[in-house]
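K.L.:
next one to model:
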Amino acid sequence: RLVTWFLSIALASMGFLAHWDNLKTRALLEEAEWELQQMQQSCSTSGVLQHPNQSTESPPQEESMFWLLVFMGAVLLFGLKLAHFFLSERRLYYELQARVPLSADKARYGWSAFTLYRVDYWLSFNHLAKPLGLSTVIMFMIVVGGLLQHLTKGEPWGSSFWEAWVFIVDTSAHGDEVTIRTRASALTLTAVGMFIFAMVIGLITDALAGLLDSLKEGRSAVFESGHILILGWSDKTIPLIKELALAEESEGGGVFVILADRAKEDMEADVSMQCTEEALKGSIVVCRQGSLTTVHDLQKAAVLTAKSVVVLSDPQMTPDEADGLAMRITLCIRGLGYEGGFVVVELTDVDNKDLVQIVGGELVETVVTHDFIGRLIIQSSRQPGLAQVLESLFGFGGDEFYMKEWPQLHGHTFLEGLFWFEAAVPLGVLKADGRCLLNPPDDYVLSPGDELVVLAEDDDTYWPATAPFITEVSKQYVGRQSSRRVRPENILIIGWRRDMTDLLTELDANVPPRSDVTLFSEVDFEERAERLAACARSKMMAFQNLKPHHAQGNPLVRRDLEKLPVEDYTTIFVLHEEMDVSETSADGRTLTSLFLIRDIHKKKADNDCIIISEVLDPRTRELIRASGVRDYVMSNEVVSAGLAMVAECRAVNKILMEILSANGNEIYLRSASEFVRNDVELSFWEVMAAARAHSHICIGYFLHTEPPSAPVLNPPDKQAKRLWHSRDELVLLSEK
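P.N.:
Numbers count the residues shown, from 1 in each chain. Here you go, the predicted structure:
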């Protein structure tokens, strides 16, 4: 290689010097020609004529020498390169032959087969192989064609090479040739040019097709910052995008990047079909296909510049496999040095939560889907209408949770701050150390670093007034809160879940002592007992307030359901059974069981019973509402809304977990007559003050109407006065 480069540089230098001498000679000849013209003009005036054979043309020897040296250099360089390549390949071939056993078929390892293999290897792994090969063919034909033109016409080398190039690119240029030799030479170059043109068209077509395929398959990099990155694709992806779009509406829209091991065209088709421009609210969705555990693909999705990352659980895997994949994704993100935000990880088994938290550290916020849904179902079953309140709290469709520090409230108590916001309802305090205090004591003093947690429509729609809207309410208007008698409950659960033990554990913490629960499904008794016993042993737990009972039957068959003592149950859960069916089919099974058990209860019992069902497909909601059912849980939508809220503000995760937990503050519905008199018109401010007198925070109300109305949270006009009837219900945040 050194010899090759040395010779090429030497030849190029010689050619340059020869060309430089040629340029100087041309300059001298032009000067002499100008002087000769001046002499001719003076002689013509004196009658002296120029000799007819006198010529001023420069001899072409210098130009010919330059192009001859260039030609010799190109040929020598090409020959040396070719020789070096040939010798290198022969060396590899001989090394291969030395390793071939004597018993092997020598013909299989011949030189022709080896040459084809090396050419295939070069074309496969060198992305410039085709352009370089084509350029070599073109240059070789120009050199050969120039040589032919020089030999047949005797023209200078520069003109010969230029004519050879013209014959290659112009198919009609050879028509002016008259002799047989020049026509044959020109025709040969034109035929080769047609072949080269076809190759160029093929290369351009392949390059454009490859570029379009790359864009179509989502292999190009994303150049965004401050976006939300969604890793994975599941039935929660579309609802998650819709909720995030609502959250970013006040900012003019956001950017959501989806990276999943799924065809980019399929993802874009689903997004465009289910997310209209109105639903996106000005936001942009970018889809990319790739592996979620590959550093290159994560960087391609601009993970390092994202403000938050949402890791969705893979529905095609078992719970442990899906959580293991989520843990590996979290480890990859942390290994990349992601510091721009935080990672929200969706898990399917609560037992894996601690492991993912250890791997991710402070970077991770975990949301356990099954545990989340189980808690939501249990909380929704405590009172009729509570499911609607919880559904309104989750997501960005109405009022949601916001945190902000207000320096003007420093030094004031929480009781004073409770009545300073006309467009928001304060719920608690987020301390500087990360702790969240919901419904703190009245005498809690707001300090620097404390952020007030409120329920508001948006983060720019509320601000504190110059003074509280109310300081106290007359005690003569305040009702007397009646004591509630706690009775044991008898609960029926229709369907079976993998995490039934976790569901029963949470239910055990919410029911009074000596309560009973009946598990009705098609699963055998022995299998149920083994699953429950195994989970109980692994978690070293025992039910304190709940006594399980078992009944076997088909939830879709009326005669099996009629065998149950429906009239004795106080609460009935209709769960979505984990089966390998579509959302529509699963909801069809759930609705069948729901309507059957409602009809049976209506005919056999006269007591009030809360019947709550789990629904997956949002389209099923309209069917349920049309039938007059108020209590249902849109599990996928609510989980997606929870993920979106945590992705926008990680502190919301603490609020949601406390609201859905049996410990701490929860959402309750209470009759308005327990706090205010029904013969006096009072404003919502006064109702809030009356509820606060009993250590509750009133965040909204249910009005008694026919048909039942939707809950009103964070009323817009809190100063309007009205009569509060005994059947009106207040929505309260309070401890048990």
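
K.L.:
what about Glu89, neighbour count?
P.N.:
15 (other Cβ atoms under 10 Å). Where C-beta positions appear, they are placed from N, C-alpha and C, glycine not excepted.

K.L.:
and it, helix, strand or coil?
P.N.:
Put simply, Glu89 is helix when judged by DSSP: H, G, I helix; E, B strand; the rest coil.

K.L.:
surely it and Tyr117 touch.
P.N.:
No: Glu89 is not in contact with Tyr117 according to Cβ atoms under 8 Å; the separation is 10.4 Å.

K.L.:
mind listing the helices for the stretch 51-200 of the chain?
P.N.:
For the stretch 51-200 of the chain, helices defined by DSSP state H, counting those that start in this stretch occupy the ranges 61-99, 111-125, 129-153, 157-169, 180-216.

K.L.:
which one of these has the most crowded surroundings?
P.N.:
helix 157-169 (a mean of 20; mean count of other Cβ atoms under 10 Å).

K.L.:
tilt between that one and helix 129-153?
P.N.:
120 degrees (axes from the mean of the first three to the mean of the last three Cα atoms, to 10 degrees).

K.L.:
who does helix 157-169 touch, helix- and strand-wise?
P.N.:
Packed against helix 157-169 by the contact rule (3 or more Cβ pairs under 8 Å, 6 or more residues apart in numbering; DSSP states H and E) you find helix 61-99, helix 129-153, helix 180-216.

K.L.:
worst average pLDDT in these?
P.N.:
Comparing mean pLDDT over those, the weakest stretch is helix 61-99, at a mean of 69.

K.L.:
could you list the residues in contact with stretch 350-368?
P.N.:
Residues from elsewhere that reach stretch 350-368, judged by Cβ atoms under 8 Å, 6 or more residues apart in numbering: 319-320, 323-324, 326-327, 330-331, 333-334, 338, 342-349, 370-371, 499, 502, 538, 639, 642-643, 646, 650, 653.

K.L.:
next up, the contacts around Thr152.
P.N.:
By Cβ under 8 Å, 6+ apart, the contact list for Thr152 reads Thr179, Arg181, Thr182, Ser185.

K.L.:
for the second one, which non-adjacent residue is spatially closest?
P.N.:
With Cβ to Cβ, 6 or more residues apart in numbering as the criterion, Arg181 has its nearest non-adjacent residue at 4.6 Å, and that residue is Thr152.

K.L.:
now do the first one
P.N.:
In space, Thr179 comes closest to Thr152 once its chain neighbours are excluded; the distance is 7.6 Å by Cβ to Cβ, 6+ apart.

K.L.:
how much space separates the one you found from Thr190?
P.N.:
Distance from Thr152 to Thr190, counting by Cβ to Cβ, to the nearest Å: 15 Å.

K.L.:
next one: Ile358
P.N.:
For Ile358 relative to Thr190 (Cβ to Cβ), the value is 73 Å.

K.L.:
ok, now Lys603?
P.N.:
Lys603 is 95 Å from Thr190, by Cβ to Cβ.

K.L.:
same thing with Glu674?
P.N.:
Look at Glu674 and Thr190: by Cβ to Cβ, they are 100 Å apart.

K.L.:
same check, this time on Leu594
P.N.:
For Leu594, the distance to Thr190 - Cβ to Cβ - is 81 Å.

K.L.:
can you give me the helices for the stretch 451-600 of the chain?
P.N.:
Counting by DSSP H, counting those that start in this stretch, the helices of the stretch 451-600 of the chain are 500-508, 525-539, 558-562, 583-604.

K.L.:
any idea which of those helices gets closest to Trp162?
P.N.:
helix 583-604 (70.9 Å; Cβ to Cβ).

K.L.:
packing partners of whichever helix or strand comes after the closest one?
P.N.:
Sequence-wise, the next helix or strand downstream of helix 583-604 (DSSP states H and E) is strand 610-615. For strand 610-615, the packing partners by 3+ Cβ pairs under 8 Å, 6+ apart come out as helix 369-380, strand 571-574, helix 583-604, helix 619-626, strand 632-634.
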